[in-house]
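Engineer: I'll drop the sequence and a predicted model, then ask my questions.
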Number of protein chains: 2
Amino acid sequence: MASRFPSVDCEPIGIVRSPRTAKRDDEWGGVESRIELDAETFGPEALRGLEEFSHAEIVFYLHRVDEDQIEWGSRRPRNNAAWPEVGIFAQRGKGRPNRLGISRCRVRRVDGTTVHVTGLDAIDGTPVLDIKPYMEEFGPHGELEQPRWAVELMERYYDSS
Amino acid sequence: MASRFPSVDCEPIGIVRSPRTAKRDDEWGGVESRIELDAETFGPEALRGLEEFSHAEIVFYLHRVDEDQIEWGSRRPRNNAAWPEVGIFAQRGKGRPNRLGISRCRVRRVDGTTVHVTGLDAIDGTPVLDIKPYMEEFGPHGELEQPRWAVELMERYYDSS
């Protein structure tokens, strides 16, 4: 880069409240949790109309990842010897620069400044940086391809526990 | 929230280089751009294996949005009187808390610390905070629903210009 952009300051907009309190690799499918907006900053109007979407995209901060767990180069996903060494930007491991997590979940209902969701892969206490409604048109366009290791890794990720 | 989580500091990992230099609502479909990693921090190994994925998910910072353009409550998307007033977390408008953008794009090829992509809806100079490979299993599960205004808004978003 010609010049480095200064660092970006993000204020959590809310927090995840989940029955999952410990890190876990798999079985996020049936987890029912909620996102509580920071009620000092936001009112119910910030969520108005979200219930008309079946799914939302959540950006969250992986707050339980320590600095020394962050990979800047490449490693085997989940340190599994059966899988190839790939770059941190070619995998979705938690120990990544900026510690950002993104995933889709089902919107069950909105109650005041709380969003009730299913299938969000974030543990209790996770700071939330954004909520976006999921629109079909924003999905990937054209045919999807991914390597075999990624299919194997995801095999039980969204199973019910 | 019981207690507020402190603000989160994100360091851009790279920058978007695009022929699009001005904000634009629609016609992102055919845009060919590239993401240049910060070569002081990352080497080519951080991208190793990314080419085996057809699509990537990019997190970027909407750096051209001014503080006074940020909506904290609700408004009509694109200020279009034909569409309902919805919360900022029920729309994907740029003027949002934390100014985070997320979208999917096609990975054309990786060349050193540069990723060549198609269909990324970010203008030239946009700081990039993360690159994640897109995996089918991370897509929304179950049937999608979205309100009619969102379908109308997206009608030409990914058209070719």
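Structural biologist: Great, that's in hand.
Engineer: quick one: A:F60 is in a helix?
Structural biologist: No. Counting by DSSP: H, G, I helix; E, B strand; the rest coil, A:F60 falls outside a helix, being strand.
Engineer: using PDB, list the CA coordinates for the longest strand along chain A.
Structural biologist: In terms of residue count, the longest strand belonging to chain A (DSSP state E) is strand A:100-111. What follows is strand A:100-111, C-alpha atoms only, in PDB (Å, rounded to 0.1, in the frame of the first residue of the first chain):
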ATOM      1  CA  LEU A 100     -13.800 -10.400  13.400                       C
ATOM      2  CA  GLY A 101     -16.400 -13.100  13.100                       C
ATOM      3  CA  ILE A 102     -19.200 -13.000  10.500                       C
ATOM      4  CA  SER A 103     -22.100 -15.400  10.200                       C
ATOM      5  CA  ARG A 104     -25.700 -15.700   9.200                       C
ATOM      6  CA  CYS A 105     -28.400 -16.700  11.700                       C
ATOM      7  CA  ARG A 106     -32.200 -17.000  11.700                       C
ATOM      8  CA  VAL A 107     -34.100 -14.100  13.100                       C
ATOM      9  CA  ARG A 108     -36.800 -15.500  15.400                       C
ATOM     10  CA  ARG A 109     -38.200 -12.300  16.800                       C
ATOM     11  CA  VAL A 110     -37.400  -8.800  17.900                       C
ATOM     12  CA  ASP A 111     -38.500  -7.700  21.400                       C
END
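Engineer: let me see the mean pLDDT of that strand.
Structural biologist: Averaged across strand A:100-111, pLDDT comes to 96.
Engineer: near chain B at all, it?
Structural biologist: Yes. Contact of strand A:100-111 with chain B (CB under 8 Å from any CB of the partner chain) involves A:L100, A:I102, A:S103, A:R104, A:R106. C-betas here are computed from N, CA, C, even on glycine.
Engineer: skipping adjacent residues, who's closest to the residue nearest the centre of chain A in space?
Structural biologist: Nearest residue to the geometric centre of chain A (CA atoms, centre = their mean): A:I102, 3.1 Å. Excluding its sequence neighbours, the residue lying closest to A:I102 (CB to CB, 6 or more residues apart in numbering or on different chains) is A:V59, at 5.5 Å.
Engineer: from A:V115, how far out is that neighbour?
Structural biologist: Noted for A:V59: a distance of 13 Å to A:V115, by CB to CB, to the nearest Å.
Engineer: residues contacting the residue nearest to A:I102?
Structural biologist: Contacts for A:V59 (CB atoms under 8 Å, 6 or more residues apart in numbering or on different chains) come out as A:L100, A:G101, A:I102, A:V128, A:L129, A:D130, A:I131, A:K132, B:V59, B:N98, B:L100, B:I102.
Engineer: and the residues you listed, which is closest to B:F138?
Structural biologist: Within these, proximity to B:F138 (CB to CB) peaks at A:I102, which comes in at 8.5 Å.
Engineer: that closest one and A:S74: what is the separation?
Structural biologist: A:I102 is 21 Å from A:S74, by CB to CB.
Engineer: and what of A:E137?
Structural biologist: 33 Å.
Engineer: just A:P84 next, same as before
Structural biologist: Distance from A:P84 to A:S74, by CB to CB: 9 Å.
Engineer: comparing these two, which residue is more hemmed in?
Structural biologist: In this view A:P84 and A:S74 are compared by other CB atoms under 10 Å in any protein chain shown, and A:S74 has more residues nearby, 20 against 16.
Engineer: bridged to the more buried one, which residues?
Structural biologist: A:G87 (DSSP bridges).
Engineer: what do you get for A:K132?
Structural biologist: Beta-bridge partners, per DSSP bridges, of A:K132: A:E57.
Engineer: which residues sit in contact with it?
Structural biologist: Listed by CB under 8 Å, 6+ apart, the contact set of A:K132 reads A:A56, A:E57, A:V59, B:F89, B:R92, B:I102.
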